[in-house]
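Trainee: Have a look; sequence and predicted model below, questions after that.
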Amino acid sequence: MNNKPNKNVVKYNKWGYYFLIPFFVIYTVFSLIPLFSTIYNSFFEHFMSGLKVIGPNYVGLENYANLLKDPRLFQYAGNTVIMWIIGFVPQILVSLLLAAWFTDPALRLKGQRFFKTVIYLPNLIMAAAFSMLFYTLFGKVGPIHDILFRAGMIAKDFDFFQYAGWTRGLVGFMNFLMWFGNTTILLMAGMMGIDQSLFEAAEVDGATSTQIFFKITLPLLRPILVYVLITSLIGGLQMFDVPQILSNGKGNPLINGHPTIMTLIMWLNQNLYSRNYGLGGALSVILFIITGILSLLVFHFTGKNEK
């Protein structure tokens, strides 16, 4: 038996590992080393006091204990979740509707490629640019303010960014606009993967379009929906650009003295900006653990569905 072809295969396969080396080097330098450095720093007291550097002094789990006792952790987590929900609920509803329209062969919508491109375009715009645009539109000298004032709907000195409801609503609306196109594409891919014979059989049995959607489409889309939910929640925990720019990093407006759009990542940024590396590292690790748990939920639900 000639083993020469197998040796050639092994000889060619080694080149694949050579091409993977740059990825592992970059991943190690920019991901693994910062990760372990953050975990290491979270066990130390290390911050600036005026011009004096305090630490690094080993304090064990003290940073974690201080964070869990700090009411701001739960306040800012609540702010983050509220703004995520405001953006995610319309995002998933609109995306489901658009995906169902675009994939329904009976509708035969014209210009699908154009509309798919248009709804995805906001995802390509930087969040900072999006935030500046909305800050200009809804500012006290912006066109939205001017139109509503001339219509007699608001007072001349009305400021959208002085009201928690308006500010949170704008943050959620911007996140909706930036991400619903991406979610629509994901759901369309899931719907196009469903066997069309199932829909044909349901129509033969007399099922309505609504029944087909809720009894066939949604159950078979479950893995994609779970993936969208968890990845969106992870993205929500990392919410930073939009509220940071709208509030100039302060998280205003205030309710009972507490910032209403201050997110966990904005708080982390404040600790790092003030060079409180120990507390910032501990907060990063807590967010990392939450993200890891949510990622495990993705594998759990999708794996369970495949079985």
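Mentor: Sure thing, it's come through.

Trainee: so which strand or helix has the spatially closest residue to S232 that is not a sequence neighbour?
Mentor: Closest residue to S232 apart from its sequence neighbours, by Cβ to Cβ, 6 or more residues apart in numbering: F88 at 5.4 Å. Heads up, the C-betas are built off the backbone N, CA and C, glycines and all. Following DSSP states H and E, one finds F88 within helix 71-103.

Trainee: From the contact count, pick out the helices and strands touching that helix.
Mentor: The contact analysis (3 or more Cβ pairs under 8 Å, 6 or more residues apart in numbering; DSSP states H and E) places helix 71-103 against helix 112-120, helix 164-192, helix 222-237, strand 258-259, helix 264-273.

Trainee: still on that earlier bit, pretty sure the residue nearest to S232 is touching I230, no?
Mentor: No - using Cβ atoms under 8 Å, F88 makes no contact with I230, being 11.3 Å away.

Trainee: Quick one: low-confidence residue ranges for the stretch 201-307 of the chain.
Mentor: For the stretch 201-307 of the chain, residues meeting the criterion pLDDT under 70 lie at 301-307.

Trainee: if we can go back for a sec, now do the buried residues in the helix holding F88.
Mentor: By neighbour count with 16 or more other Cβ atoms under 10 Å, helix 71-103 contains the buried residues 73, 75-77, 79-84, 86-88, 91-92, 94-96, 98-100, 102-103.

Trainee: And stretch 48-57, by the same measure?
Mentor: Within stretch 48-57, the residues scored as buried using 16+ other Cβ under 10 Å are G55.

Trainee: same question, stretch 148-161
Mentor: Those would be 154, 160-161, for stretch 148-161 by 16+ other Cβ under 10 Å.

Trainee: Can you measure across it, start residue to end residue?
Mentor: 15 Å (Cα to Cα, to the nearest Å).

Trainee: what's it in contact with?
Mentor: With Cβ atoms under 8 Å, 6 or more residues apart in numbering as the test, stretch 148-161 has contacts from 135, 138-140, 144-145, 166-167, 170, 246-247, 252-253.

Trainee: Spatially, which two of those are the most separated?
Mentor: The most widely separated members of the contacts of stretch 148-161, counting by Cβ to Cβ, are I144 and N252 (19.4 Å).

Trainee: Neighbour count for these two, which is higher?
Mentor: A direct count of neighbours by other Cβ atoms under 10 Å for I144 and N252 places N252 higher, at 18 against 14.

Trainee: Please list all residues in contact with that one.
Mentor: N252 makes contact with 161-162, 167, 259-261, according to Cβ under 8 Å, 6+ apart.

Trainee: which residue sits closest to the most centrally placed residue in the chain in space, ignoring its chain neighbours?
Mentor: Ranked by distance to the mean C-alpha position of the chain (Cα atoms, centre = their mean), the top residue is G235 at 1.8 Å. Leaving aside its sequence neighbours, G235 sits nearest to W179 (Cβ to Cβ, 6+ apart; 7.6 Å).

Trainee: for Q211, same thing?
Mentor: Excluding its sequence neighbours, the residue lying closest to Q211 (Cβ to Cβ, 6+ apart) is A202, at 7.3 Å.

Trainee: number of nearby residues for that neighbour?
Mentor: A202 has 17 neighbouring residues, counting by other Cβ under 10 Å.

Trainee: What's the separation between the nearest residue to N175 once chain neighbours are set aside and L170?
Mentor: In space, and not counting its chain neighbours, N175 is closest to G87: 3.5 Å by Cβ to Cβ, 6+ apart. Distance, G87 to L170, by Cβ to Cβ, to the nearest Å: 10 Å.

Trainee: same question, I85
Mentor: Distance from I85 to L170, by Cβ to Cβ: 15 Å.

Trainee: ok, now N79?
Mentor: For N79 relative to L170 (Cβ to Cβ), the value is 14 Å.

Trainee: Quick check, pLDDT for the residue nearest to S232.
Mentor: In this model, F88 is scored at 92, pLDDT.

Trainee: what's the nearest residue to F213 once chain neighbours are set aside in contact with, if anything?
Mentor: Leaving aside its chain neighbours, F213 sits nearest to A100 (6.5 Å; criterion: Cβ to Cβ, 6+ apart). Each residue near A100 by Cβ under 8 Å, 6+ apart is listed here: 191, 213, 217.
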